[in-house]
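Novice: Take a look and give me a structure for this.
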Amino acid sequence: MRPEKRWPSGSARAWAVFSRMARAAGRTVLGEWRGIFVEPVRELFRRGPSALLLAAVACAGVIFFHAIAQHPTGATVVRVIGGVRGDLPLWLALLRTPVSLYVPALDLPVWAGLTQLFLAFALAETAIGRRRTLFVAYATTLAGTFTARLMMAVGPGWWGFGLPPEAGQVLDTGPSAAVVGLFTYISVIRRAPVVFVLTGGSMIVEAVAKPNLAGREHLVAVGAAIVLGLLHGREQVLRARAGDWLRRLGLTGGPAPEPPDEPVRAPAVVPVRKAATTSPRVPAADPLDRVTLSASAAFDWANAAQRARDTLTR
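Specialist: Presented below is the predicted three-dimensional model:
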């Protein structure tokens, strides 16, 4: 008799599912560790301390402005050159935004944020380069600033999207949006879901738990970083398509690009047939010519015979 097939108990099946999930999570974490930390560390050993220039400058700037803001006069100077609020004119806010990245927020601990700031800029500079790091940090910060202005322009309501006018008086400074944007961007281009959950997911929890202006700007920075990460590596295609659309709309004065030159084809070689090497044909004689020649020959013969008789008779 065949032994009866025993199905695993509930605890055994739960343990099997848990072990599979644990192995999958371990493989994911190991892959992220190699892509996000191992390669930047190799780049750091290759380039040396110069690969940490942006991280060092960012941390030094935050420490410098924090030390100045401890005095009343210094706080006024920091607010004048780096204080960004929603009720400021747009040109003035754009002018102060680069400095506002180094002005620490008032409601966040400075020394605890320096670690995140250093890790974000150091990891981004070694992974994506110095120029792209600055671009992503500034773009995500501007995205949060512009969206906050749009929320205040809409006003309260709109299913929680708008903000009251009093939000324009809140000081909006600090590198937190840039830090969140850099971590999110790297997690998208390196396919790192664990890092994405730890950064973008924490911002969602913060926005839900503490629905203020900073939380909403962080969510906007995460969204902007996701869009930039999805467009990573497609700059040339997007630039070509944008130029094509601008030319179609007549917004560019430059001429349209000429089509590529067609390859020059060699002329077709026509085979030349050789003439046949045959002897020239002699035209056939006319029958009338034959009769004339025969009569002339007979006349000459008769003259010769007459001369011969005359000679004999003498």
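Novice: where does the stretch 201-314 of the chain dip in pLDDT?
Specialist: 235, 238, 250-302, 305-306, 308-314 (pLDDT under 70).
Novice: Test my guess that residue 204 contacts residue 219.
Specialist: Yes. Between residue 204 and residue 219 there is a contact under C-beta atoms under 8 Å: 6.8 Å. Backbone N, C-alpha and C define where each C-beta goes, glycine included.
Novice: The two: who's more crowded?
Specialist: Between residue 204 and residue 219, counted using other C-beta atoms under 10 Å, the more crowded position is residue 219 (20 against 14).
Novice: what's the closest non-adjacent residue to that one?
Specialist: Distances taken as C-beta to C-beta, 6 or more residues apart in numbering place residue 207 nearest to residue 219, at 5.2 Å, with adjacent residues excluded.
Novice: next one: residue 130
Specialist: residue 54 (6.1 Å).
Novice: ditto for residue 144
Specialist: residue 217 (3.3 Å).
Novice: Next one: the one you found from residue 71, what distance?
Specialist: 28 Å (C-beta to C-beta, to the nearest Å).
Novice: just to revisit the earlier point, point me to the helix or strand that includes the residue nearest to residue 130.
Specialist: For residue 54, the host element (DSSP states H and E) is helix 53-68.
Novice: Any buried residues in that helix, and which?
Specialist: Neighbour counts over helix 53-68 (16 or more other C-beta atoms under 10 Å) mark 54-55, 58-59, 61-62, 65-66 as buried.
Novice: about what we covered before: okay, residue 217 and residue 71: which has more neighbours?
Specialist: residue 217 (26 against 11).
Novice: so who does the more buried one touch?
Specialist: Residue 217 sits next to 144-145, 147-148, 172, 177 when contact means C-beta atoms under 8 Å, 6 or more residues apart in numbering.
Novice: Would you mind writing the CA trace of the strand or helix carrying residue 21 as CSV?
Specialist: Residue 21 belongs to helix 10-32 when assigned by DSSP H and E. Provided in CSV are the C-alpha atoms of helix 10-32 (Å, rounded to 0.1, in the frame of the first residue of the first chain):
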residue,chain,number,x,y,z
GLY,A,10,0.2,25.4,9.1
SER,A,11,3.3,26.3,11.0
ALA,A,12,5.5,24.4,8.5
ARG,A,13,3.9,26.3,5.5
ALA,A,14,4.2,29.6,7.3
TRP,A,15,7.9,28.9,8.0
ALA,A,16,8.5,28.0,4.3
VAL,A,17,6.9,31.2,3.2
PHE,A,18,8.9,33.2,5.7
SER,A,19,12.1,31.5,4.6
ARG,A,20,11.4,32.4,1.0
MET,A,21,10.7,36.0,1.8
ALA,A,22,13.8,36.2,3.9
ARG,A,23,16.0,34.8,1.1
ALA,A,24,14.4,37.2,-1.4
ALA,A,25,15.0,40.1,1.0
GLY,A,26,18.5,39.0,1.5
ARG,A,27,19.3,38.9,-2.2
THR,A,28,17.7,42.3,-2.6
VAL,A,29,19.7,43.9,0.2
LEU,A,30,22.9,42.3,-1.1
GLY,A,31,22.3,43.6,-4.6
GLU,A,32,21.6,47.1,-3.2
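Novice: how far is that helix from where the chain is centred?
Specialist: With C-alpha atoms, centre = their mean, to the nearest Å as the basis, helix 10-32 stands 35 Å off its chain's centre.
Novice: Now the next helix or strand after that helix: average pLDDT?
Specialist: Next helix or strand after helix 10-32 toward the C-terminus (DSSP H and E): helix 39-47. Here helix 39-47 scores 84 as its mean pLDDT.
Novice: Lovely, talk soon.
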